[in-house]
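Trainee: Kindly generate the corresponding structure for this input.
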Amino acid sequence: TLFVLKTREFQDESSHSQFNLIATQAAALANRDLAMRVVALKGLVAEIESEDIDDDIKFDQHASIIRQTFPDFLAINRMNAERIITKVTPLQGNESALGRKVGQTSDIVSLLDDAEKSREPRATDFVQLFQGGKGVAIYIPYYLDGHLAGFVNAVFRVEEVIRIATMSVDPTINIEMPLR
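Mentor: Residues are numbered from 1 along each chain as shown. Model prediction:
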């Protein structure tokens, strides 16, 4: 009986250790994947600031390329300096975001203010998306002639990023992550 109990205890500890290892690896992959998304979005901002992207058609083309690489992005948007979403890629399924003013809560206002002051990307915690459901939004300010011209904003549901990261570590894992 003692042998059986010790064996079960070892199995439980082994399962716990394996879970911790997989969780650590998945978190590292998710962080790397998020960093790659930010790099791609910063490239889009650089092209806007250099005025290589100076109209909606070029914005759509470049945003579509980023979405092909990272299909978990629900939308890549352009906001003006007044924080109104003026362009949404793709429009289909994201119509409810077009024309909306971003910053309905003090947390988002502070985040946008910080992004503007630091000139660096900022991401939300889980928020209610204009598209419905919960997710994360990334905001990257862009400047023309030294003045804030707006933000590139990208939104995605985190469950998909985590699913992809955990599948990379162990394809047998199926994680369900309810967002509240």
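Trainee: Around Arg157, how many other residues sit close by?
Mentor: Neighbour count of Arg157, defined by other CB atoms under 10 Å: 20. C-beta here means a position set from N, CA and C on the backbone, and glycine is covered the same way.
Trainee: That one contacts Asp72, doesn't it?
Mentor: Yes - at 6.9 Å, Arg157 and Asp72 qualify as touching, with contact defined as CB atoms under 8 Å.
Trainee: how many neighbours does Asp113 have?
Mentor: 12.
Trainee: Can you tell me the element it falls in?
Mentor: Using DSSP states H and E, Asp113 maps to helix 106-118.
Trainee: Which neighbouring elements make contact with that helix?
Mentor: strand 122-123, strand 134-144, strand 147-156 (3 or more CB pairs under 8 Å, 6 or more residues apart in numbering; DSSP states H and E).
Trainee: quick one: average confidence on that helix?
Mentor: Averaging pLDDT along helix 106-118 yields 95.
Trainee: Can you point out the buried residues in that helix?
Mentor: By 16 or more other CB atoms under 10 Å, the buried positions in helix 106-118 come out as 108, 111-112, 115-116.
Trainee: which other residues reach it?
Mentor: 83, 102-103, 121-122, 124, 127, 139-141, 148, 151 (CB atoms under 8 Å, 6 or more residues apart in numbering).
Trainee: Looking at those residues, spot the one nearest Asp55.
Mentor: Comparing the contacts of helix 106-118 against Asp55 with CB to CB picks out Phe151 as the nearest, at 17.7 Å.
Trainee: The closest one: neighbour count?
Mentor: Neighbour number of Phe151 under other CB under 10 Å is 25.
Trainee: Next one, pLDDT for it please.
Mentor: Per-residue pLDDT puts Phe151 at 98.
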